[in-house]
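Chemist: What follows is a predicted protein model with its sequence.
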There are 2 protein chains.
Amino acid sequence: MGTENVKNMDFFFNPSSVAVVGASGVPGKLSGIILASLLKSRFKGAVYPVNPKYTEVLGIACYPSIKAIGKEIDIAIFALPAALTPAAVKAAAGLAAGAIIVSGGFGEADGWEYESEIKTIAADSGMRVIGPNCMGIYDTLTRLDTFFIADERIKRPKRGGLSMVSQSGSFAITAMDELAADGLGVARIISYGNKADVNESDCLDFLAEDDATKAVALYIESVDDGRRFVEAAGRCSAQKPVMAVKVGKGAAGSSAARSHTGAIAGRPEIYSAAFKKAGVVELHGYEDFICGCKAYGIRNEPLECRGSRVMIITDGGGMGVGIADACVQAGLEVAAPSADVVERLSAIFPAYFSMGNPIDLTGSVTDEWYARSLEAAMSGDNYDIAIVAALWGPPNLTDDLAKLLAWKARESGKPVIICSPGGAYSRKKAKLFMKEGLPVFTTPEAAVRAAAVLARGAAGRRRAI
Amino acid sequence: MGTENVKNMDFFFNPSSVAVVGASGVPGKLSGIILASLLKSRFKGAVYPVNPKYTEVLGIACYPSIKAIGKEIDIAIFALPAALTPAAVKAAAGLAAGAIIVSGGFGEADGWEYESEIKTIAADSGMRVIGPNCMGIYDTLTRLDTFFIADERIKRPKRGGLSMVSQSGSFAITAMDELAADGLGVARIISYGNKADVNESDCLDFLAEDDATKAVALYIESVDDGRRFVEAAGRCSAQKPVMAVKVGKGAAGSSAARSHTGAIAGRPEIYSAAFKKAGVVELHGYEDFICGCKAYGIRNEPLECRGSRVMIITDGGGMGVGIADACVQAGLEVAAPSADVVERLSAIFPAYFSMGNPIDLTGSVTDEWYARSLEAAMSGDNYDIAIVAALWGPPNLTDDLAKLLAWKARESGKPVIICSPGGAYSRKKAKLFMKEGLPVFTTPEAAVRAAAVLARGAAGRRRAI
């Protein structure tokens, strides 16, 4: 396997036809949910239900077999019991370029032999296989959606620049749902499960060359071929930011991972070293994953972060102290402003103001104070990242704040991270910042996690140069 | 100062009369906001606006001075510029039992001399003073509310068992707003700011004896009299759980704290040792504070947690792995189920199920599977805490889940912590658990933080016995 796989994977992300094997109108059946979701998502290609029991399913023609469709199919989707899957997949080989097997009961349970049969079929026929035990693909470009959970329960994000590759289906859909609720768009999400064939490295090969993907986030329980992974991840990270979380770290976690996707988790230090070598920013757990996705995924072009020097601007002194603490703990620098920054700030604010780091604008704050202090602090080469903790208690803050800060952030050319903690009002206001392309977080620690991910990314790029 | 202060503080939490000095109907003025909020919150005592410029404010009689009211006042509230405050407070001494000074511009800025005058007035007259540079008191029992931020912006929580004591006003209101949005109730919240007189130890003395308070959470930037703090906190923690976050840890954080409330932050190890000695559970930052408040504040009676052995039950394998990782990192035990637990589980589930720790109930999960596996895992003496990570993708889960789990949690007598991560649907469902008295969190790490706070509390009690 090598870069030739890039070609082999392409059709998954540009399919002109999809067959749903076993599709029926019976409520609750996975294949039926997938078919309904393909029709609802306005998938751009042709959709063929395949089921010998029906001539029509959900109002469209149903075929007794893939062969009976009478043309080559790009992707055949299987949601059958494990024991029935190998024969069905074999019948598709030579007729479909690729298969997505969403059903479980394979290597993660007691179905090793079924998984091994599927591996053999893939190797012998050249048909590429995603899964088994996965969610498949959610793609905002082609509108392919094999995620078999109704969007009342799990929201589909709008189009954006982030692509996600996950061994775990539940992790992928939960993160996707949270990012959708927060207003972050995605390009492609791939849940590859037990990887009988297609694995994280294949996905990285494709995403490296994919113009729609501006940043990549990986969830990994195990990597089988470490050398190939480092090569693929390195090629991808040379093009765009790549982040990865490796779970299954302690004895408890790795045993959990084994029974989840059949993965042998391996020692965490080895993964950390591989990530570093490949220029991959390591993420630590779910919260870090979400923060990294928002920090790198919010813009169409990746944020240019050059270091770890943080300026904190707030109207709530206590929050400022907490952010400073969290920064120091995360290895970020929170240096007092140099003479030129103080001079710029002094031209704006009365002398009794707290012009340290944090800059505390107090409850008298206005939108303009925020904008002007951000400009004063970030216009020189004193700080690499700004964290603006805008508490919404002060009566003079308005909805214009988001636009003003986004403008000043663009002018500075540096990442500006927003912290908007609190309840219903603050959560509503937080959305304003996301709309303006500023990543927003609801706790001091989450904002700091995002800053730390960007700083680690900057350090990785410096090493690579 | 000693336990005699308990009596001196009482009236702040049972006042029959409050004067708002400088109150007017001018929009945006702090004293006017406080007056409006006292009238709106249905404060149980008499309210007297004091302002020589008016005979009526917001429809009630206004007095030229506190003296002119003609009776003793429990609390006089001051929201005047710092320079005008000492004279106004002095005029109230002897007429009001206590003062709450919400205005800033004192020790945290360049107003040390005003603060020192206020200290002298308090010491000479015996009038107790909360503040300056604080929010004052929000009390769900007396309905006193001096928090000068409209409840459209900062929600007031309903009545509950948690009391909060905070040096920082912004921290207190942000945490309060978040807890209110999450459905957690509180008893009393005290923001004491620069503590010209009343400090954290005075508050602890009162809360130790306060039947309405079932658990206490402290936010501290600095403590002046360490010995008195350890005594007061120790007395309180003998009655109910006491948690504390100490901020201003690194050089950056402690310098931020100084310019915030004029606090000299001191070395963090000293605080950690003092907390341990006093039986106080140490919290690390804002997120830990929120998690601790929910874990200890959700029930009317404090949760009985006896150790750090965690059982994880989920329907999403990847989330289970992440929780196991986070547990191990937080020093919690995630041991595989012993023979008797496996036996109980085997009686319920087919053999191919993953009956480890986590127990992975997969996408086929039902409400009953959750309830029965929780019962099987927690009924013996194998685990101290359960973390149930209920992802809402699986189609068979219903709203009954919360009631069922609450019932099994009560039966087990052990804390059951819910993790309900994701977007809009999961956040809505999360509220069901809070209503049933189960603390719920939206990330694996947050659920683990809550478990760790309970486990640290259990360890503290074991040390104390």
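Modeler: Now that the structure is in, tell me what you want to look at. Computed from a predicted model, the values in this text were never measured in an experiment.
Chemist: Quick one: residues contacting the spatially closest residue to A:Leu204 that is not a sequence neighbour.
Modeler: Leaving out its chain neighbours, the residue that sits closest to A:Leu204 by CB to CB, 6 or more residues apart in numbering or on different chains is A:Ala232, at 4.1 Å. C-beta: built from backbone N, CA, C; applies to glycine. Under the criterion of CB atoms under 8 Å, 6 or more residues apart in numbering or on different chains, the contact list for A:Ala232 reads A:Glu200, A:Ser201, A:Asp202, A:Leu204, A:Asp205, A:Ala208.
Chemist: Kindly format the C-alpha coordinates of the helix or strand hosting A:Ala232 as PDB.
Modeler: Here A:Ala232 sits within helix A:226-237, counting by DSSP states H and E. What follows is helix A:226-237 as a C-alpha-only set of coordinates in PDB (Å, rounded to 0.1, in the frame of the first residue of the first chain):
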ATOM      1  CA  GLY A 226       3.200   2.900  12.100                       C
ATOM      2  CA  ARG A 227       5.700   3.800   9.300                       C
ATOM      3  CA  ARG A 228       2.900   4.200   6.800                       C
ATOM      4  CA  PHE A 229       1.000   6.300   9.200                       C
ATOM      5  CA  VAL A 230       3.900   8.700   9.900                       C
ATOM      6  CA  GLU A 231       4.400   9.100   6.100                       C
ATOM      7  CA  ALA A 232       0.800   9.700   5.300                       C
ATOM      8  CA  ALA A 233       0.300  12.100   8.300                       C
ATOM      9  CA  GLY A 234       3.500  13.900   7.500                       C
ATOM     10  CA  ARG A 235       2.400  14.400   3.800                       C
ATOM     11  CA  CYS A 236      -1.000  15.700   5.100                       C
ATOM     12  CA  SER A 237       0.500  18.000   7.800                       C
END
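Chemist: From the chain's centroid, how far away is it?
Modeler: Relative to its parent chain, helix A:226-237 has a centroid offset of 18 Å by CA atoms, centre = their mean, to the nearest Å.
Chemist: Where does the prediction get shaky in chain A?
Modeler: Chain A contains residues with pLDDT under 70 at A:1-7, A:250-254, A:256-265, A:302-303, A:352, A:465.
Chemist: Point to the residue nearest the middle of it.
Modeler: When chain A is reduced to its mean C-alpha position, the nearest residue by CA atoms, centre = their mean turns out to be A:Met164, at 3.9 Å.
Chemist: On the three-state scheme, that one is what?
Modeler: When classified by DSSP: H, G, I helix; E, B strand; the rest coil, A:Met164 comes out as strand.
Chemist: so it touches A:Ala172, yeah?
Modeler: Yes: look at A:Met164 against A:Ala172 with CB atoms under 8 Å: they come within range, at 6.2 Å.
Chemist: what do these two both touch?
Modeler: With CB under 8 Å, 6+ apart as the test, A:Met164 and A:Ala172 both reach A:Ile189, A:Tyr219.
Chemist: Please report how far A:Ser65 lies from chain B.
Modeler: When distance is defined by CB to the nearest CB, to the nearest Å, A:Ser65 is 28 Å away from chain B.
Chemist: ok, that residue - how many residues close by?
Modeler: Counted with other CB atoms under 10 Å in any protein chain shown, the neighbours of A:Ser65 add up to 15.
Chemist: Got the phi and psi for it?
Modeler: Here is the backbone geometry of A:Ser65 (degrees, to the nearest 10): phi -160, psi 170.
Chemist: OK, contacts around it?
Modeler: For A:Ser65, the contacting residues are A:Val50, A:Pro52, A:Ala91, by CB under 8 Å, 6+ apart.
Chemist: Which ones among those residues map onto helices?
Modeler: A:Ala91 (DSSP state H).
Chemist: just the contacts of A:Ser65 now: which is nearest chain B?
Modeler: Taking CB to the nearest CB as the measure, chain B sits nearest to A:Val50 out of these, at 22.7 Å.
Chemist: Can you show me the strands along the stretch 1-150 of chain A?
Modeler: Read by DSSP state E, counting those that start in this stretch, the stretch 1-150 of chain A holds these strands, from start to end of the chain: A:17-21, A:46-50, A:56-57, A:60-61, A:73-78, A:96-101, A:128-130, A:136-139.
Chemist: quick one, longest helix in chain A?
Modeler: Longest among the helix segments of chain A by residue count, using DSSP H, is helix A:444-464.
Chemist: elements contacting that helix?
Modeler: Secondary-structure packing of helix A:444-464 (3 or more CB pairs under 8 Å, 6 or more residues apart in numbering or on different chains; DSSP states H and E): strand A:281-283, helix A:285-297, helix A:317-329, strand A:385-389, strand A:416-419, strand A:440-441, helix B:285-297.
Chemist: change it to 7 Å
Modeler: strand A:281-283, helix A:285-297, helix A:317-329, strand A:385-389, strand A:416-419, helix B:285-297 (3 or more CB pairs under 7 Å, 6 or more residues apart in numbering or on different chains; DSSP states H and E).
Chemist: Could you pull up the residues touching A:Trp369?
Modeler: Going by CB atoms under 7 Å, 6 or more residues apart in numbering or on different chains, A:Trp369 touches A:Leu361.
Chemist: Tell me how far A:Arg309 lies from chain B.
Modeler: Using CB to the nearest CB, we find A:Arg309 at a distance of 11 Å from chain B.
Chemist: pretty sure that residue is in contact with A:Asp384, am I right?
Modeler: Yes: counting by CB atoms under 7 Å, A:Arg309 sits close enough to A:Asp384 to count as a contact (4.7 Å).
Chemist: any idea how far the residue of chain A most remote from its centre is from chain B?
Modeler: When distances to the mean C-alpha position of chain A are computed (CA atoms, centre = their mean), the maximum falls on A:Ala351, with 44.7 Å. A:Ala351 sits 8 Å away from chain B, going by CB to the nearest CB.
Chemist: tell me the angle of the longest helix of chain A relative to helix B:285-297?
Modeler: Using axes from the mean of the first three to the mean of the last three CA atoms, to 10 degrees, the inter-axis angle of helix A:444-464 relative to helix B:285-297 is 140 degrees.
Chemist: Show me how far helix A:444-464 is from its chain's centre.
Modeler: 16 Å.
Chemist: Any buried residues in that helix, and which?
Modeler: Going by neighbour count (16 or more other CB atoms under 10 Å in any protein chain shown), the buried part of helix A:444-464 is A:444-461.
Chemist: Name the residues that touch that helix?
Modeler: Under the contact criterion CB under 7 Å, 6+ apart, helix A:444-464 has outside partners A:241, A:243, A:279, A:281, A:283, A:287-288, A:291-292, A:294-295, A:303, A:305-308, A:310, A:319, A:322-323, A:326-327, A:330-332, A:384-385, A:387, A:389, A:415, A:417, A:419, A:421, A:439, A:441, B:285-287.
Chemist: Give me the buried subset of the residues you listed.
Modeler: Judged by neighbour count, with 16+ other CB under 10 Å as the criterion, the buried members of these are A:241, A:243, A:279, A:281, A:283, A:287-288, A:291-292, A:294-295, A:303, A:305-308, A:310, A:319, A:322-323, A:326-327, A:330, A:332, A:384-385, A:387, A:389, A:415, A:417, A:419, A:421, A:439, A:441, B:285-287.
Chemist: re the thing from before, in ChimeraX, how would I select the buried members of the contacts of A:Ser65?
Modeler: Once 16+ other CB under 10 Å is used to decide burial, the buried members of the contacts of A:Ser65 can be selected in ChimeraX as follows:
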select /A:50,91
